[in-house]
Structure formats: structure tokens, C-alpha cells
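>>> Sequence and predicted structure are below.
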Amino acid sequence: MTYGRFRKIAAGAGILAVLALGSVAARAAFRLDVRPGYGVTGIKWLSDYNPNLRGTDYDTAVYVMEGKKPGATALILAGAHPREIGGVLTAEVLLENAEVEQGKLFVIPCLNAAGMSVPDALGQVPHQLPFESRQGRRWLYYGDRRIPLKKGESDPEHFLHPLGYVHKDGSEWRNVNRNYPGLADGTPAQMVTFGVMELIRREKPASCLDMHEATAPEEVFDPRDGKKHPGGSLSYSLITHPKYLEPCIEMILELEERGVSLKPEQSVPGFRGISHYEIGEGTPCVPFLSETPNPAMNEHAVGADPLRDARHPIEERVGIMMEVLRVWFEKFPELTGAPLAVNGLPSQKQIEAQGVGAWLQ
């Protein structure tokens, strides 16, 4: 890619970051601060796949990284739940450092842009977290799990998924990862997930990885009630549709040899709306969803630091995801029948030794 081409792409990314200062149509729209490296060859929008998103708070950038040689196509998602920052930072490190030699990547680092625009409803972490990058101080946004309510809206007692599953928590109608496969003109969450599914149908990625975080596994003492509360059980896992459990286990065995311990999980048939189940049911794309631990996601973890927690610092979580990406890319020939060669990703050891900021502009 020529320097002129790179400048155009970088300028486009700058525009994304300041659109909220522009027209009335984009007045409330949130744009993640991504500073694309030479590996980014184009920028699209989720509204290119669902025009009903255009000009709304819910549209978001889709970054394209295309190699000079033909190969497999893959999709990477992050920020479906904007407080799950390990995945968001992993996507940013990828976009700012990696180059695709063979094949093509589509990367959405902030799938739930509206949720990223507001603070986490738990109220324990500031909306903006400062951290140092190669170019100085940057701000990491820590958003809410769900798409925010608009004035006059309220949550129902229960959420009935269009495919018949009843979610007991009515607020799940605003949860992006409970609304697949989506509807083109449905609720905001349904429009976003329809856009993802339409991208898969048009661009035909052979596999996708949806990066999430879960409540840390450790028991937590809450000084407000003087009690200990259990941790979560989902972190350190790699999840897929039941028909792809074998390649999931093969990836986990390879990761184990590299010092990364994850457990395999599979979708629960009948639990509708989650990415790995609906993508696996409705498309040929092989879906995976990763879960690393976020210590600040336990509602009883008063004062927990999502970046510098001694047990689960951000370097550990992003480092794990770097190895997951490496193994996933390497498995593409046997997973999909075509290679996907990606260069420039830091290793887990490099992330843990140098910090995430050393790999961001």
C-alpha cells in the first residue's frame, strides 16, 4: 500500500473519531479511537450491510485487511458488550500492527457503538480510562453491556426472542449478543446483528471470532454487605456451535502447548440469540466466541481495576487473545481449506513484558 493510500485511510479513521462533532444526524454517534496501521486496506460501515443503520447511533466501522495473495476470509468481532475491554484492545492492537499477507480479514472493534457511548451501568468503573501508548496518553472507553434506553423507553418484564426463546431478563432485548440473527428493520440490537449476518452472507468469511470477557472466577468480598460472593464460571473458555466442537478442542490443545489454558464449551441448543449458535445454524461460517476474565464485571467487586488488577491485568487477557488469534489463523487450512497468513501480531510474552500500550499508536 502506498503512503498516500495509507494517509487516506488514516484520515478516514480520524473522521470516524470526530463525527460526533459534525452533523445533526451523527450528533450522538460514538466512534472508537482506532489508529489503523499499514495493514488496513479499507474502511466500510455496518450500514453497508444494513442500510437502516445509516445515520443512527448504532452504525459502526468495519475495517478491511486484505493481503496481496488470495486466501481465506475471516471476521473478527469485539465490543458487543463494551465493558469487555480485553477483546476491544485486542482488536485495536491487531488493526494498528498486523498485516495480512494472504487472505482477507474483516474487523469490527466496537460492535455496540451506542453501548460504548455510555458508562457501565454497574457504576464501578469510570467511562474513560487513561493509558499510555507509543504516542502518549490515550483514553480507553469502558461502556455498558447493553444498548442504552432512549427517552421514554423501558424494559419489558421478559424478552421474547423472535425465534421463540424467552429470556427472563427483559433488558436482554438491548443485548447485542442475545439478538442474532437479527432483523433488518427491528430493534437497534436486531438491526446490528442483522448487519453482521448480512456481512457474513455477502463476504463469506469461512470462520469468525467474537471476543468477549466474563466475570472473573475468584470469590469476591463486598464491604457493603460484609459477605463473600462467588465468581463466574465462563472465563477462560472458547465456545462454538456443537457441530464444530472438534476443531475447537484441537485449537485448545494447541493453545495448551503454548501455555494458554482454555476450556471448550458449546452452544446450548434452543438458547436462541447468541452469535456462535445462530451463525453456526444459519451460515457455513465456523463460529467461535472467546471469554477472558474481567475482574471489574462482578457487581460485588468494589474498587476493582479492569486494567491493573494483580490477578487478571489487561496484559494477561490481551496476551491470551494474541495466542488465540495466532492458533486460529494457523488452523485455517485444515479448518476451512484455505490459508490465512497474518504477520505483525505481538506474542503473549511481548504483550506481558512490554504492556498493551507499547503496541498502540
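Received it, and whenever you're ready, just let me know what you need.
>>> Can you give me the neighbour number for Arg311?
11 (other C-beta atoms under 10 Å). From N, CA and C alone the C-beta is placed, and that goes for glycine too.
>>> That should have said Arg272, apologies.
21.
>>> same thing with the one 10 residues further on?
Summarising burial for Gly282: neighbours were counted as other C-beta under 10 Å, giving 13.
>>> I'd guessed it sits against Met197; true?
Yes. Proximity of Gly282 to Met197 meets the contact threshold set by C-beta atoms under 8 Å, at 6.8 Å.
>>> Need the overlap of contacts for these two.
Pro181 (C-beta atoms under 8 Å, 6 or more residues apart in numbering).
>>> Pop out the phi and psi values for the residue nearest to Arg54 when sequence neighbours are not counted.
Spatial nearest neighbour of Arg54, excluding adjacent residues (C-beta to C-beta, 6 or more residues apart in numbering): Ser47 at 3.9 Å. In terms of degrees, to the nearest 10, the main-chain angles of Ser47 are phi -70, psi -10.
>>> show me the contacts for Ser47.
So Ser47 contacts 53-56, 59, 195 (C-beta under 8 Å, 6+ apart).
>>> Grab the most central residue of the protein for me.
The C-alpha lying nearest the average C-alpha coordinate of the chain belongs to Ala78 (C-alpha atoms, centre = their mean; 1.0 Å).
>>> Quick check, pLDDT for that residue.
We have a pLDDT of 99 for Ala78.
>>> mind listing what it touches?
84, 87-88, 90-91, 107-111, 210-211.
>>> give me the beta-bridge partners of it?
Here Ala78 sits in beta bridges with Met211, as judged by DSSP bridges.
>>> can you give me the strands for the stretch 251-361 of the chain?
Along the stretch 251-361 of the chain, counting by DSSP state E, counting those that start in this stretch, strands occupy 263-266, 286-294, 341-343.
>>> try the stretch 1-150 of the chain
42-45, 61-66, 69-78, 99-108, 128-133, 136-141.
>>> buried sites along the fifth one?
Taking 16 or more other C-beta atoms under 10 Å as the neighbour-count basis, strand 128-133 is seen to contain the buried residues 129, 131, 133.
>>> And for the second one, nearest residue in space, chain neighbours not counted?
In space, not counting the residues next to it along the chain, Phe131 is nearest to Gly357; the distance is 5.3 Å by C-beta to C-beta, 6+ apart.
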